[in-house]
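Asks: Whatever this is, show me its structure:
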Amino acid sequence: MNKYLYSKGAFYPYIERALYEQAGSWPDAGVEVDESVRNQFYVYPEGKTLGTDAEGFPIWVDAPPPTHEEALAQSESKKQQLIGEANDFMNRKQWPGKAAIGRLKGDELAQYGLCLDYLDALEAVDTSTAPVIDWPEKPSA
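Replies: Here you go, the predicted structure:
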């Protein structure tokens, strides 16, 4: 089982110590932990970040709230992701092409219109109010 040095919120594998030392980045202090401990802290639970207890061992602590700039970037990323998902959905249905040649009728035409309205609403989202954003509701497929 691999051993790690845990120091200041990071795990350093002893097997790679020489590389870290060559780079001048092996920590001066820390505590030794095994792979099972490191694996417990591999996936971050929502709202948590890696901290250190009084003895120097890893623990989960509450993550600080994002700065306004971080919240703004997250919101802008989410906005672009939602726009991409909506466009991908419509393109898989071939609605833009069908609409261009007049082959979109009935329920498909109505769904396409709802998706276009949703895209318009997404484009209008003001991400400067992050983290409080009123996201439009996605139309049902």
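
Asks: so residue 14 sits right up against residue 2, yeah?
Replies: Yes. Counting by Cβ atoms under 8 Å, residue 14 touches residue 2, with 7.3 Å between them. C-beta here means a position set from N, CA and C on the backbone, and glycine is covered the same way.

Asks: Show the contacting residues for the most centrally placed residue in the chain.
Replies: The structure's the chain has its C-alpha centroid closest to residue 74; by Cα atoms, centre = their mean the separation is 7.9 Å. For residue 74, the contact set (Cβ atoms under 8 Å, 6 or more residues apart in numbering) comprises 66, 130, 131.

Asks: Domain ranges for the protein, per the record?
Replies: The domain map for the chain lists 3-62, 68-129, with the assignment taken from automatic domain parsing.

Asks: Kindly check the end-to-end length of the longest one for me.
Replies: Taking Cα to Cα, to the nearest Å as the measure, domain 68-129 stretches 9 Å from start to finish.

Asks: Off-centre distance for it?
Replies: In this view, domain 68-129 has its centroid 20 Å away from the chain centroid, taken as Cα atoms, centre = their mean, to the nearest Å.

Asks: repeat for stretch 45-56
Replies: Here stretch 45-56 is found 20 Å from its chain centre; the criterion is Cα atoms, centre = their mean.

Asks: Repeat that for stretch 28-40.
Replies: Per Cα atoms, centre = their mean, the displacement of stretch 28-40 from the mean C-alpha position of its chain is 26 Å.

Asks: Now do the buried residues in that stretch.
Replies: Of the residues in stretch 28-40, those scored as buried under the neighbour-count criterion (16 or more other Cβ atoms under 10 Å) are 30, 33, 37, 38.

Asks: The first one touches residue 7, doesn't it?
Replies: This points to residue 30. Yes. With contacts defined as Cβ under 8 Å, residue 30 counts as touching residue 7 at a distance of 3.1 Å.

Asks: what residues do those two have in common as contacts?
Replies: residue 56.

Asks: Now the element after the lengthiest helix in the chain, going C-ward?
Replies: Secondary structure of the chain per DSSP state H: the longest helix is helix 68-92. Next helix or strand after helix 68-92 toward the C-terminus (DSSP states H and E): helix 95-100.
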